[in-house]
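> Please work out how this folds:
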Amino acid sequence: MKKIIYLMLLLPIMGIGQQILPLKERATIIDEIQKDRLENLLPKLMDETGIDLWVLITREYNEDPIIKTLLPPTWLNARRQTILVFSKNKNSEGITSAAITRYPFGTLIPSIWDKEKQPNQWKALADYITSQDPKSIGINTSKAFALADGLVKTDYDALMNVLPETYKKRVVSSEKLAVGWVETRTAKEMEQYEDLVAITHEIIAEAFSTKVIEPGVTTTDDIVWWLREQVLSLGLKTWFHPTVDVQRADKSDLYAFDNKSKYDIIQPGDLVHCDFGISYLTLNTDCQELAYVLKPGETQAPDFLVNALAQGNRVQDIFTSNFKEGITGNEILKISLKQGREEGLRPQIYTHPLGTFGHSAGTTLGMWDSQNGVPVTGDYPLHVNTSYAIELNTTVFIPNWNKDIRIMLEEAGFFGEDGFRYVNKRQEKLLLIGK
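Model prediction:
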């Protein structure tokens, strides 16, 4: 019986063509990803940011976000007081990973604390730091990046109280290291990311079909909860509650960034939009797509909506063509908006880093209510091997409806050594409900 259940998990589930792995296989992949990041990525980042020793301190149920990216796949939370230390090797390349804990931190980070020899965990930490004699000690404090600000005051005070005076002067913010750790995608992660985005696309395609939608009956809120239930049935998670909304000829309000236009019965002739993302294999997706509900006798979406989507794609092209290493998010935003407006488009751009977290750390490229740039995080330069939710819209006047609509799009994108690419393509044709 166990073997049959296991094989069923490997098969396409409920119309989803991509394999969704059983938990045991996911754990193996997560271990491989984390091992690769610790052995190959972290030493490089520590060299680049000038951090000799990185100390992460957290407690169960109050995890530092960076600790969450390192949790072994068999751990759902940190345990007791969890202290991890990564130190550059003095006479060789690479780093040494150590846990000042009662347990090994999974299979990758061994515990070096012998409580029988040193009963005080904080003194054991101070002794280990002293033995490494680092020139700089990085701690997770940051005003600008929440994900790099995970050291709580209680633990900061405890650390500073136990460190010798000489080493207190060497304590610095590890902001750049923490952000680099969160924003950087490895080749091994990208092997999984394409499948993850493909699963997201397939779930949306099923949601925007007559398998789920009966025009005149099904509400936008029905689709929202179908998405939640579908993700749950697939053994996956959502990292935010989805939204589904409609724009139509007889609906006077332009879709706004609020809740007012998100509850309606889906009708023939509607332009339906969703915002949806999932979590799987340590990564997250964030996707917005559009569908048209065919009227009786129609086999295609009307040209005016097809052309409107093409304008949205053009804004995407303008925007992503301006991705260059070392340029800040605010610079890319300014150049792209100017170019789009010069072409007669009416764009808004609000793109964010995406990956280990949904709203991740790294270069911010606009916010929907900050189209003149975003202080600090928008001034952060673009780095290679980073991923983004290419989130934007353009306003289009529809003469047939005598009103403006918004073409809202969002797709996972990767910026690497060879430039920008979409992780799993992008929407270039409206999904058709009823065909």
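> any residues touching stretch 322-335, and which ones?
Counting contacts by Cβ atoms under 8 Å, 6 or more residues apart in numbering, the residues outside stretch 322-335 that touch it are 319, 336, 339, 349, 351, 363-366, 371, 373-374, 377-384, 415, 419-420. The way it works is simple: take the backbone N, C-alpha and C, and place the C-beta from them, glycine included.
> Okay, buried residues for the helix or strand where F415 lies please.
Applying DSSP states H and E as the criterion places F415 in strand 403-416. In terms of neighbour count (16 or more other Cβ atoms under 10 Å), strand 403-416 has its buried residues at 403, 405-415.
> Can I get those in JSON lines including pLDDT and distance to L159?
As requested, the buried residues of strand 403-416 are exported to JSON lines (pLDDT from 0 to 100; distance: Cβ to Cβ, whole Å):
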{"residue": "K403", "pLDDT": "94", "distance to L159": "59"}
{"residue": "I405", "pLDDT": "96", "distance to L159": "54"}
{"residue": "R406", "pLDDT": "96", "distance to L159": "49"}
{"residue": "I407", "pLDDT": "98", "distance to L159": "50"}
{"residue": "M408", "pLDDT": "97", "distance to L159": "45"}
{"residue": "L409", "pLDDT": "98", "distance to L159": "45"}
{"residue": "E410", "pLDDT": "98", "distance to L159": "40"}
{"residue": "E411", "pLDDT": "98", "distance to L159": "42"}
{"residue": "A412", "pLDDT": "98", "distance to L159": "37"}
{"residue": "G413", "pLDDT": "98", "distance to L159": "38"}
{"residue": "F414", "pLDDT": "98", "distance to L159": "37"}
{"residue": "F415", "pLDDT": "98", "distance to L159": "36"}
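> now those residues in JSON lines, with distance to E206?
Below are these laid out as JSON lines (distance: Cβ to Cβ, whole Å):
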{"residue": "K403", "distance to E206": "30"}
{"residue": "I405", "distance to E206": "25"}
{"residue": "R406", "distance to E206": "24"}
{"residue": "I407", "distance to E206": "22"}
{"residue": "M408", "distance to E206": "20"}
{"residue": "L409", "distance to E206": "19"}
{"residue": "E410", "distance to E206": "18"}
{"residue": "E411", "distance to E206": "18"}
{"residue": "A412", "distance to E206": "19"}
{"residue": "G413", "distance to E206": "23"}
{"residue": "F414", "distance to E206": "25"}
{"residue": "F415", "distance to E206": "30"}
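> Sort out which one of the residues you listed lies nearest V179 for me.
Each of these was checked against V179 using Cβ to Cβ; the closest is F415, at 15.1 Å.
> wouldn't the closest one be in contact with I390 here?
No - if you go by Cβ atoms under 8 Å, F415 and I390 don't touch, sitting 10.2 Å apart.
> what's the spacing between A148 and W75?
Distance of A148 to W75, given as Cβ to Cβ, to the nearest Å: 22 Å.
> List the residues that contact the closest residue in space to T243 that isn't next to it in sequence.
The spatially closest residue to T243, leaving aside those adjacent along the chain, is D275, at 4.6 Å (Cβ to Cβ, 6 or more residues apart in numbering). Contacts for D275 (Cβ under 8 Å, 6+ apart) come out as 242-244, 286-288, 408, 410.
> What does the pLDDT read for D114?
Here, the pLDDT recorded for D114 equals 88.
> What of L196?
pLDDT, L196: 96.
> swap in G106?
Predicted confidence (pLDDT) for G106: 87.
> what's near enough to touch it?
Contacts here follow Cβ under 8 Å, 6+ apart; on that basis G106 touches 31, 34, 71-75.
> again with A124
Here A124 is in contact with 100, 113-115, 118 (Cβ under 8 Å, 6+ apart).
> now E343
The contact partners of E343, taken as Cβ under 8 Å, 6+ apart, are 314, 318.
> Would you mind confirming that T364 is in contact with H352?
Yes - look at T364 against H352 with Cβ under 8 Å: they come within range, at 6.0 Å.
> okay, those two: which has more neighbours?
Summary of the neighbour comparison: T364 and H352, criterion other Cβ atoms under 10 Å, with T364 having more neighbours (28 against 24).
> and the residue nearest to that one when sequence neighbours are not counted, how far is that from V179?
The spatial neighbour of T364 that comes closest, neighbours along the chain excluded (Cβ to Cβ, 6+ apart), is T377 at 4.0 Å. When Cβ to Cβ is applied, the distance between T377 and V179 equals 9 Å.
> Quickly list what's touching both of these two.
Both T377 and V179 are in contact with F145, where contact means Cβ under 8 Å, 6+ apart.
> who has more neighbours, the two?
More neighbours surround V179 than the other of T377 and V179, with 26 against 21 (other Cβ under 10 Å).
> give me every residue that touches S173.
S173 sits next to 138-142, 148 when contact means Cβ under 8 Å, 6+ apart.
> Report the buried residues of stretch 363-371.
The neighbour-count criterion (16+ other Cβ under 10 Å) identifies 363-367 as the buried residues of stretch 363-371.
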